[in-house]
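Asks: Mind folding the following:
(one chain, ligands or ions: 1)
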Amino acid sequence: MIDQFMEANDPLVRVENLTVRFGRQTVLRNINLSIPAGQTVVLIGESGCGKTVLMKSIIGLINPTQGRVFFDDEEIQTLNDSQLSRLRLRFGFVFQHAALFDSMTIGQNVAFPLMQHGNFTSQQIHDMVLSRLSEVGLPDSVVYKKPAELSGGMQKRVGLARALIMNPELIMYDEPTTGLDPIMSDVINELIMRTRRRNPVTSIVVTHDMNTAKKIPDRVIMLLPATRLEPDENQIIFDGSVPELEHCRDRRVQQFINGEAGERLMELRTAQHSV
Ligand SMILES: Nc1ncnc2c1ncn2[C@@H]1O[C@H](COP(=O)(O)OP(=O)(O)OP(=O)(O)O)[C@@H](O)[C@H]1O
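Replies: Down below sits the predicted model:
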C-alpha cells in the first residue's frame with residue numbers, strides 16, 4: 001500500500017537510463033522518468049515509438065536491456081516470481097479491446113481478480129462487483145449478461161470496473177478510447193478522471209486520441225521513435241502540462257498533436273520514386 005507518510009510528490013514509478021532492444025532494434029533509448037503517486041500521465045507518440053514497451057517495462061513484463069525500473073522504491077528486475085506476482089496485484093490494466101472473457105458473465109469478469117487473489121465471501125464479492133459497476137455507470141442488471149450482449153463502450157467500462165476491483169495503486173490504460181464514437185470516448189475520459197478523483201491512484205494512459213491527451217492528464221509525455229533521434233537527443237521530446245504542450249514550439253510535437261503528416265509526405269514521395 002502507498003505509505004501514508006509518503007510525501008505527495010514522492011515518485012511511485014522511477015525509470016533510470018532504460019534501454020530496451022529487441023535483437024538489433026533499439027526501441028527505448030536511455031529513458032529517465034519519474035512519476036509521483038497520484039499523477040495522471042498520458043503517453044503519446046507515433047505508432048511503434050515504444051509507448052507500450054515502456055508501459056510493459058514499468059510493470060515488469062519486459063526486461064530492460066540496460067537500466068532500472070523501480071515501483072515504490074522496489075527494483076522490479078530484482079524481484080523473484082512470487083514477489084513480482086504480489087507486486088502486480090497493486091497494478092490494474094485496462095486493455096485496448098476490454099479483454100473480457102467471452103464465456104463468463106459480466107459479474108464473473110469483474111470478480112475475476114478477487115476470485116484469483118482475494119479471500120472474500122460470495123456476499124462481499126457480490127457487493128464489491130456491484131459497487132465497481134455502479135462507479136463506472138453500469139446498472140446491476142448487466143451482471144448476468146455476457147460481454148457480447150454489451151456495446152463496445154460498455155465493455156470498456158466493464159474492463160475499468162475489473163481493473164479497479166483490487167484497489168490498484170497504478171492503473172495502466174492502453175488506448176482506452178480506441179474504436180469508440182466521440183461521445184462514448186468522452187464518457188471514458190470522464191470516467192478516468194472520476195476514478196482519479198475517487199481513488200488515490202496513479203494512472204498511465206497510452207493514447208492516440210488527442211481529446212483524451214488534452215483533457216485528462218496532469219502531464220503529457222511524448223516519445224520519438226529511437227530511429228528518428230539525433231545521436232545525443234532525449235527520446236522524450238516533450239514532458240509537461242497540457243497548456244505547455246499546446247504552446248510547445250517543437251515542430252515534431254505540433255505536427256503530431258495537430259495530425260499533420262509534414263515531412264512524412266516527402267518520405268512517401270521519395271519512397272514512391274525509388275520503386
Ligand atoms: N516482444 C517484442 N519483441 C520484439 N519486438 C517488439 C516486442 N514488443 C514490441 N516490439 C517492437 O517494439 C516497437 C515498439 O512497439 P510498441 O508496441 O511499444 O509501440 P507503440 O508506440 O505502443 O505503438 P502503437 O501506438 O502502434 O501501439 C515496435 O517496432 C514493435 O514491433
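Asks: how close does Ser141 get to the ligand?
Replies: According to Cβ to the nearest ligand atom, to the nearest Å, Ser141 stands 34 Å off from the ligand. Using the backbone N, CA and C atoms, a C-beta is placed for each residue, glycine as well.
Asks: What about that residue, how many residues nearby?
Replies: 9 (other Cβ atoms under 10 Å).
Asks: For it, give me the backbone phi and psi.
Replies: With angles defined as degrees, to the nearest 10, Ser141 sits at phi -60, psi -20.
Asks: Surely Leu33 is within a strand?
Replies: Yes. Counting by DSSP: H, G, I helix; E, B strand; the rest coil, Leu33 is part of a strand.
Asks: so it bridges to which residues?
Replies: For Leu33, the beta-bridge assignment (DSSP bridges) gives partners Val15.
Asks: What separation do you get for Leu18 and Pro139?
Replies: 43 Å (Cβ to Cβ, to the nearest Å).
Asks: list the contacts for the closest residue to Leu229 other than its chain neighbours?
Replies: Nearest residue to Leu229, sequence neighbours excluded (Cβ to Cβ, 6 or more residues apart in numbering): Gln235, at 6.0 Å. Residues near Gln235 by Cβ atoms under 8 Å, 6 or more residues apart in numbering: 28-31, 50, 223-224, 226, 229.
Asks: hmm, try it at 7 Å
Replies: 28-29, 31, 223-224, 226, 229 (Cβ atoms under 7 Å, 6 or more residues apart in numbering).
Asks: repeat for Arg132
Replies: Counting by Cβ under 7 Å, 6+ apart, Arg132 touches 110, 161, 164-165.
Asks: Next step: these restricted to helices.
Replies: Among those, the members falling in helices (DSSP state H) are 110, 161, 164.
Asks: just the buried members of those residues?
Replies: Among these, those buried by neighbour count (16 or more other Cβ atoms under 10 Å) are 110, 161, 164.
Asks: How confident was the prediction at the last one?
Replies: It stands for Leu164. Leu164 is assigned 88 on the pLDDT scale.
Asks: can you give me the strands in the stretch 101-250 of the chain?
Replies: In the stretch 101-250 of the chain, the segments counted as strands under DSSP state E, counting those that start in this stretch are 170-174, 202-206, 219-223, 236-240.
Asks: on that earlier part again, which single one of the contacts of Gln235 is nearest to the ligand?
Replies: Among those, Leu223 lies closest to the ligand (Cβ to the nearest ligand atom), at 7.0 Å.
Asks: what's the neighbour count on the residue nearest to the closest one when sequence neighbours are not counted?
Replies: Spatial nearest neighbour of Leu223, excluding adjacent residues (Cβ to Cβ, 6+ apart): Gly45 at 3.8 Å. Gly45 has 23 neighbours, counted by other Cβ under 10 Å.
Asks: Let me see the contact set for Gly45.
Replies: By Cβ under 7 Å, 6+ apart, the contact set of Gly45 is 51, 222-224.
Asks: what do you get if the cut-off is 10 Å, keeping everything else the same?
Replies: Residues near Gly45 by Cβ atoms under 10 Å, 6 or more residues apart in numbering: 51, 54, 206, 208, 221-225, 235-238, 252-253, 256.
Asks: Over to Ile165?
Replies: By Cβ under 10 Å, 6+ apart, the neighbours of Ile165 are 92, 109-114, 117-118, 125, 128-129, 131-133.
Asks: Need the buried ones from those residues selected in ChimeraX.
Replies: Those of the contacts of Ile165 that count as buried under 16+ other Cβ under 10 Å are selected in ChimeraX with:
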select :92,109,110,111,112,113,114,125,128,129,132,133
